[in-house]
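Colleague: Need coordinates for the following:
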Amino acid sequence: MKKIALLAALFAVFACNPTANTPDPTPAPTPVDPAPVDPTPEGSTIEVPAFAKGADIGWASEMEAGGRKFVKKDGTSAALLDVLKDCGVNAIRLRVWVNPYKGWSGKEDVVAVGKKVTAAGLPLMVDFHYSDFFADPSRQKIPAAWEADKADMTKMCQHVTDHTTEVLKALKDAGVSVNWIQIGNETRVGMLFPIGQVNYNNKGSELAGFVKLYMAGYNAAKALFPEAKVMPHLNNAFDVSHASWFFSSLKDQGGKFDMVALSHYPQEAWDGKTQLDAATANSRAIAAIRTLSGSLKVPVMVAEVGVKTPSGEAAARQVLKSFVDEAKKLDGCAGVFYWEPEVDGSWRPEVYTKPTELTRLTGTSQSGWWNAYGMGAFTTGGKPTSVMDVFAD
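Modeller: Numbers count the residues shown, from 1 in each chain. Here you go, the predicted structure:
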C-alpha cells in the first residue's frame, strides 16, 4: 500500500507540473546593457536630511546666463550645485514669481533649475511669493495678471490655486522632487494686498482674508505633493511674540501647516525701537525656535539667513556660526537656508538697473536699495568665502 501511495504522489506532482523534468527549449536571452536611467524620473524621491544646511539660489540662473563661473574652495571649476555640495550644503530653495522680468524666477526658470537640483540628489524647497517680484512686509503686490480681481476673494483664491498647481505640476512632470513648499513670503502683514492684508482692527479674525488665500495655496500644494512639508513664513525670527500670535491665530482660524518658516538677519535685527546687536538677535531667534516648536508641535525651518560679509568676513562667519551651531542643537529646528550665498557684493540682477521696470513691479518709484546685495558669501571669482565653511562644520 505504501508503494502504491508513493507512486500516486509522484504521478500527481508530474501531472501538476508537466515540465518539471523537461529541459526548457527556449534559449537564454542574450545579456544587454541596461537602458540609461533618466536622472530626474517622475516621482523620484530625494532623502531629506535631519538638519537642512541649505542655500537659496534664485539669482543663480541669471548669473550663469551672464557668464558667471564658479569654483570650489580648492580652485577647481565646477557647477554651482557641486560647489555648494562641496561646502556642505545639502538642500536648495528657489523662489517663484508669477510673471517676472525676463522670466527669471518664473515657472520655466524654476523647473530648469529644479531638474538640476534633483539630478544632484538635493532636496528642494519652493517658495511661492504670489507676486511678479519680491514679496515681503513692505510690499505684497498682486500680480499684474490678477489685478482686475483684486477685490474678489473667490477669484483671487482661484488664482492662488491655479498658479500653485501649474508650477508644482510642471515640476512634478519634469521629475523634480519637491520636499518643502512655502505659501507666501514673509507674510507678517498678510499677502496679496489689500485683499489678503492682516486687519488688526478685526479682533479675533485679523487673518480672515489671509487664511483663505493661504489655504488655497496649501490645499493645491498638498494635492500635487502630499508628502511635502507645507508652511507659512514670517520675517524677524527674533520676534517670538508676534510669531506666536500669528501662527496660533492662523491655526485657530482654520490654517494648516506641517512646519513654520522664519527669516533671520542678525546684523539687521530691529525690534521696532532699537537695533539689536547680532549676539542678542541670535539668542532671541534660538529662543523663539524653541518656543514655537514646543507650542505649535511642528518643526521650525529657518528659510532665510544672511550676514554682512563686506563689513568683515571673519566677523560675519562667527555671527553665522554661533547661530547655526545653536540651531543644530534644537530638536525642533529642521534646518537653516543661507539666502543667495552665490553673489559677491558687486553683482546685481539686470532689473535693478531698470527704473521703469522696478516701478511697474513694485508700484513705487523709490528704488534706493536696488544695489548689489551685501550678504553674499562668494568672491567675484565665483569662489566660496570662509562664511560657507559654517555649513561644512
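Colleague: can you give me the helices for the stretch 101-250 of the chain?
Modeller: Assigned by DSSP state H, counting those that start in this stretch, the stretch 101-250 of the chain shows helices spanning 107-119, 153-173, 208-224, 240-252.
Colleague: which one of those helices is the most hemmed in?
Modeller: Of all these, helix 208-224 carries the top mean neighbour count, a mean of 22, counting by mean count of other Cβ atoms under 10 Å. The way it works is simple: take the backbone N, C-alpha and C, and place the C-beta from them, glycine included.
Colleague: for the helices of the stretch 101-250 of the chain, which one sits closest to residue 199?
Modeller: helix 208-224 (7.1 Å; Cβ to Cβ).
Colleague: one step back: relative to residue 54, which of the helices of the stretch 101-250 of the chain is closest?
Modeller: Minimum separation from residue 54 across these (Cβ to Cβ) falls at helix 107-119, 10.8 Å.
Colleague: The closest one vs helix 153-173, what angle?
Modeller: 40 degrees (axes from the mean of the first three to the mean of the last three Cα atoms, to 10 degrees).
Colleague: Would you mind checking the average pLDDT for helix 107-119?
Modeller: Across helix 107-119, pLDDT averages out at 98.
Colleague: wait, doesn't residue 208 sit right on residue 202?
Modeller: Yes. Residue 208 lies in contact with residue 202 (Cβ atoms under 8 Å); the separation is 6.5 Å.
Colleague: that older thread, as a markdown table, the helices of the stretch 101-250 of the chain with distance to residue 344 would be great.
Modeller: Listed next are the helices of the stretch 101-250 of the chain as a markdown table, based on distance: least, Cβ to Cβ, whole Å:
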| stretch | distance to residue 344 |
| --- | --- |
| helix 107-119 | 19 |
| helix 153-173 | 29 |
| helix 208-224 | 34 |
| helix 240-252 | 32 |
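Colleague: For residue 340, find the nearest of those helices.
Modeller: Of all those, helix 107-119 comes closest under Cβ to Cβ, at 13.4 Å.
Colleague: for the closest one, packing partners?
Modeller: Where contact means 3 or more Cβ pairs under 8 Å, 6 or more residues apart in numbering; DSSP states H and E, helix 107-119 is packed against helix 60-65, strand 91-96, strand 124-128, helix 153-173.
Colleague: out of these, which comes closest to residue 217?
Modeller: Residue 217 lies closest to helix 153-173 among the helices and strands packed on helix 107-119, at 4.9 Å (Cβ to Cβ).
Colleague: Can you list the neighbours in contact with that closest one?
Modeller: For helix 153-173, contacts defined as Cβ atoms under 8 Å, 6 or more residues apart in numbering pick out 42-43, 96, 98, 107-108, 110-111, 114, 126, 128, 130, 142-143, 146, 149-150, 178, 181, 183, 192, 195-196, 209, 212-213, 216-217, 219-221, 223-225.
Colleague: Just confirm residue 68 contacts residue 382, I think it does.
Modeller: Yes. Residue 68 is within contact range of residue 382, at 6.0 Å (criterion: Cβ under 8 Å).
Colleague: List the residues that contact residue 109.
Modeller: The neighbours of residue 109, taking Cβ under 8 Å, 6+ apart as the test, are 61, 103.
Colleague: gap between the residue nearest to residue 388 when sequence neighbours are not counted and residue 299?
Modeller: Using Cβ to Cβ, 6 or more residues apart in numbering and skipping residues adjacent in sequence, the residue nearest residue 388 is residue 87, 4.3 Å away. The spacing between residue 87 and residue 299, counted by Cβ to Cβ, to the nearest Å, is 24 Å.
Colleague: out of those two, which sits in the busier spot?
Modeller: Under the neighbour definition other Cβ atoms under 10 Å, residue 87 and residue 299 were set side by side, and residue 87 has more, 23 against 20.
Colleague: Tell me which residues touch that one, please.
Modeller: By Cβ under 8 Å, 6+ apart, the contact set of residue 87 is 73, 384, 388, 389, 391, 392.
Colleague: Repeat the analysis, applying 6 Å as the threshold.
Modeller: Residue 87 sits next to 384, 388, 391, 392 when contact means Cβ atoms under 6 Å, 6 or more residues apart in numbering.
Colleague: so how many other residues sit close to the last one?
Modeller: A total of 12 residues lie near residue 392 under the criterion other Cβ under 10 Å.
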